[in-house]
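Participant: build me a model from this:
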Amino acid sequence: MGRLIILAGMLLAVTLTPYVAARSALADDSGFARPTDLVAMAEIAEARGDSQMAIALYRRAHEAFPWASAPLTGWGLLAARLGATDQAATLLTAALDVAPDDIEAASGLAEVLVDLDRPIEALALYEAVLEVDPADIAARDGRLYVLALIASPAQTAIPSTLAAATGTESGKSTPAAAPALTRTTAPAEPESTTAVWR
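Facilitator: Here you go, the predicted model:
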């Protein structure tokens, strides 16, 4: 029983170590030589469901390493998952400004641009991703989706077609025909009761 308690305590300590390290990283980032260290801790916080901690770590990583695109990319992708599409577009665009070859940022920005109804810009990004990695299935699917959006925009109805379909002509409405009535009452009983039912 004692060994089980010690083992459970050790397992808890190992589990909480990255989270405690993330909290201390917010207070002091002098021990981190690479932006990937803070980004990895932000990803751990994100995996645990602590979006606020992940955002704070991405922000800290960006402030400490402004030349790195990884913090901006991670932060932008998290913003997109949280539904903040405008902020995601800003962050992912900034990541591409820092590192134009960041494929993850380009793919994420293309998806965000589709959500923001900017398919032409998204198409250019999907094509750029496919130039670098032609086997990227998500980029191929996204490109096909955007091409379908561009090829068949929402069609507007022609007034004469609407008039013919609704029975109106030049804006004047005609009364609709009365629906046929169906008799739903039971038939009347016969007047003679001479029939015997067996």
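Participant: what about Leu113, which helix or strand?
Facilitator: helix 103-115 (DSSP states H and E).
Participant: now do that helix, average pLDDT.
Facilitator: For helix 103-115, mean pLDDT rounds to 95.
Participant: mind listing what's buried along that helix?
Facilitator: Within helix 103-115, the residues scored as buried using 16 or more other Cβ atoms under 10 Å are 103-114. C-betas here are computed from N, CA, C, even on glycine.
Participant: also stretch 90-97?
Facilitator: Counting neighbours by 16+ other Cβ under 10 Å, stretch 90-97 gives 90-96 as buried.
Participant: for stretch 133-142, same thing?
Facilitator: Within stretch 133-142, the residues scored as buried using 16+ other Cβ under 10 Å are 136, 139, 142.
Participant: Tyr145: how many residues sit nearby?
Facilitator: By the measure other Cβ atoms under 10 Å, the count of residues near Tyr145 is 16.
Participant: one more: Leu123?
Facilitator: Residues near Leu123, counting by other Cβ under 10 Å, number 20.
Participant: circling back: Ala124: which of the buried residues of helix 103-115 is nearest?
Facilitator: Proximity of these to Ala124, judged by Cβ to Cβ, is greatest for Ala110, which lies at 8.4 Å.
Participant: what strand or helix carries Ala94?
Facilitator: When elements are assigned from DSSP H and E, Ala94 belongs to helix 85-98.
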